[in-house]
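S.K.: have a look; sequence and predicted model below, questions after that.
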Amino acid sequence: MENKRKVSYFYDAELGDFYYGPTHPMKPHRVRMAHDLIVRYDLYKHLQVYTPVPCPFDDMCSFHSREYLEGLKSVDAPKSGDKRADKAQQERLRNDFNLGVADCPVFANIFKYCQAYTGASIGAAVQLNYGQADICINWAGGLHHARKGRASGFCYINDIVLAILELLKYHRRVLYLDIDVHHGDGVEEAFYTTDRVMTVSFHKYDGEFFPGTGDLDEVGAGPGRYYAINVPLSDGMDDESYEGLFVPIMDSIMANYQPDAIVLQSGADSLTGDRLGKFNLTIQGHARCHGHMMRYGLPLLVLGGGGYKIVNVARCWTYETAVLTGQAASMRADMPPNEYYELFKPDHSLFIPKDDAMTNENSRARLDQLRATILENLRHVRPVSGDAAVTPNIPAAAAAAMAKQQQAVARQRWESTPSPSDPSGARGSASGGRWSEDEEGGEAGMDDSADTSN
């Protein structure tokens, strides 16, 4: 069915050129691959297409500390020529801001990269505020782990928090919904003590999987108590089980909280076959979340997020663009010729089947318990007036404890995960070290051999 709502789409072609390094799973190039499919499927004809304006330094200060931003910006500054001073600066960036570690390497033009994807998210929020669009899409955004004063989990600037702060200028209540396989910890932390933003995250949780947070009992604090909703799941989550939780929980949230705008983080690492995630969702199952939230007819900001088998990420975000523009019924499974056609072999299909060999470790009893507990908590939720100012914050002691826990989980994950360049061995084996804080991005290029197999 044709979507009569105005849909804006933000895309910067240069984003595909940024490069985390040869063994790092994050590949910004996936956004360029998705864009090519969006064009080849003629979806651009149903979009208002915009090139984003880079986010100014001072606008980032709405959430991030100036000290952290200056440290991030200094990465691209010329070296002093004094090896001792340069080494001291690298150590300061690692120790103070988590910059230059394995999960968050530093690379050429890193600040420009952050300005591009963040400018798109804020620009999208501005359009929604002024009624210039009903739905806005920025597949390069959704970097939900970044903190006020440090990088985390492949994320440097939290474009989501900045976009929500923009939306709060015109909207009393904002709902943040995260369907990435990883907990949306950075966004939850930023709004943990306010009731003007409700954060909802469906993710894998076992106490060890990164970031190590997001259990059922994390519900917010102070005025924000019960305004943080976490849905902790186990490996093998499939479409039917996911929808059985998603629909009743989101319907209850919409009825009780009555948000004025929605931000949807669409991490594609919850798809089957992802290199880091262990869920078993199909592309159609993932996209049903978008279709469901569209039914409420509210201003909707749709962002990207995780996703580490990049051919599947491109497939997913292309199909979800079709859903958001009302063109899903016209999407044929066999792909039209495109720049990356050979990467989608052998079947060149837009869709992927679930893994029938994967066990769904989420028992019916556990899912029923999760649903019942969350629905009970939602009885405490009311649609707040929106008069209170919002200062992204979390109690210092809680923030310190979360940071320590997440760093330990990140170290464990990095050491136990096979390297994309050496799947048979421990990560870092090729360079002679397991958790190498000196490891940085390599030469610019694209090494996706692990992503292109089917």
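M.R.: Great, that's in hand.
S.K.: wait, what's in contact with Leu301?
M.R.: By CB atoms under 8 Å, 6 or more residues apart in numbering, Leu301 lies in contact with 121, 124-125, 128, 135-136, 138, 163, 167, 261-264. All C-beta spots, glycine's among them, are computed from the backbone N, C-alpha and C.
S.K.: now, which of those residues lie within strands?
M.R.: Ile135, Cys136, Asn138, Ala261, Ile262, Val263, Leu264 (DSSP state E).
S.K.: so Asp134 makes contact with Lys6?
M.R.: Yes - using CB atoms under 8 Å, Asp134 is in contact with Lys6, at 5.0 Å.
S.K.: pick out whichever of the two has more residues nearby.
M.R.: Remark: of Asp134 and Lys6, Asp134 carries more neighbours, 19 against 15, as counted by other CB atoms under 10 Å.
S.K.: give the buried residues for stretch 223-238.
M.R.: Neighbour-count burial for stretch 223-238, counted by 16 or more other CB atoms under 10 Å, picks out 224, 226-238.
S.K.: may I have the top strand by length along the chain as PDB, with CA atoms only?
M.R.: Ranked by residue count under DSSP E, the longest strand found in the chain is strand 197-204. Extracted in PDB, the C-alpha atoms of strand 197-204 (Å, rounded to 0.1, in the frame of the first residue of the first chain):
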ATOM      1  CA  VAL A 197      12.300  10.000  27.400                       C
ATOM      2  CA  MET A 198      11.300   6.400  27.600                       C
ATOM      3  CA  THR A 199      14.100   4.000  26.500                       C
ATOM      4  CA  VAL A 200      13.100   0.500  25.300                       C
ATOM      5  CA  SER A 201      15.800  -2.100  24.300                       C
ATOM      6  CA  PHE A 202      15.300  -5.600  23.000                       C
ATOM      7  CA  HIS A 203      18.700  -7.300  23.100                       C
ATOM      8  CA  LYS A 204      20.800 -10.300  24.100                       C
END
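S.K.: avg pLDDT for stretch 33-42?
M.R.: Mean pLDDT, computed over stretch 33-42, is 98.
S.K.: cool, stretch 217-237 as well?
M.R.: On average, stretch 217-237 scores 97.
S.K.: quick one: end-to-end length of that stretch, please.
M.R.: End-to-end distance of stretch 217-237: 21 Å, with CA to CA, to the nearest Å as the criterion.
S.K.: cool, stretch 17-32 as well?
M.R.: Start-to-end, stretch 17-32 (CA to CA) is 9 Å.
S.K.: distance between it and the chain's centre?
M.R.: Distance of stretch 17-32 from its chain centroid, counting by CA atoms, centre = their mean, to the nearest Å, is 15 Å.
S.K.: all helices of the protein, in order?
M.R.: Taking DSSP state H as the criterion, the chain carries its helices at 29-40, 57-60, 66-74, 83-97, 110-129, 159-167, 185-190, 239-257, 283-294, 310-324, 364-377, 396-416.
S.K.: could I get those helices as CSV with mean neighbour count?
M.R.: Below are those laid out as CSV (neighbours: other CB atoms under 10 Å):
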stretch, mean neighbour count
helix 29-40, 23
helix 57-60, 16
helix 66-74, 17
helix 83-97, 14
helix 110-129, 24
helix 159-167, 27
helix 185-190, 26
helix 239-257, 17
helix 283-294, 20
helix 310-324, 26
helix 364-377, 14
helix 396-416, 15
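S.K.: of all these, which lies closest to Tyr50?
M.R.: For Tyr50, the closest of these is helix 110-129, at 6.9 Å, according to CB to CB.
S.K.: packing partners of the closest one?
M.R.: strand 7-10, helix 57-60, helix 66-74, strand 135-138, helix 159-167, strand 300-303 (3 or more CB pairs under 8 Å, 6 or more residues apart in numbering; DSSP states H and E).
S.K.: make it 7 Å
M.R.: strand 7-10, helix 66-74, strand 135-138, helix 159-167, strand 300-303 (3 or more CB pairs under 7 Å, 6 or more residues apart in numbering; DSSP states H and E).
S.K.: want to throw the ones you listed into JSON lines with mean pLDDT and distance to Met250?
M.R.: Formatted as JSON lines, the helices and strands packed on helix 110-129 follow (pLDDT from 0 to 100; distance: least, CB to CB, whole Å):
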{"stretch": "strand 7-10", "mean pLDDT": "98", "distance to Met250": "21"}
{"stretch": "helix 66-74", "mean pLDDT": "98", "distance to Met250": "34"}
{"stretch": "strand 135-138", "mean pLDDT": "98", "distance to Met250": "17"}
{"stretch": "helix 159-167", "mean pLDDT": "98", "distance to Met250": "18"}
{"stretch": "strand 300-303", "mean pLDDT": "99", "distance to Met250": "13"}
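S.K.: quick one: Val381 from Leu303, how far?
M.R.: Note on Val381: its distance to Leu303, by CB to CB, to the nearest Å, is 24 Å.
S.K.: which one's more surrounded, the two?
M.R.: Leu303 (29 against 19).
S.K.: ok, that one touching Asn158?
M.R.: No - using CB atoms under 7 Å, Leu303 is not in contact with Asn158, being 11.1 Å away.
S.K.: and Gly285, what pLDDT?
M.R.: Reading off the confidence values, Gly285 has pLDDT 98.
S.K.: who's in contact with it?
M.R.: Under the criterion of CB atoms under 7 Å, 6 or more residues apart in numbering, the contact list for Gly285 reads Asp239, Tyr242, Glu243.
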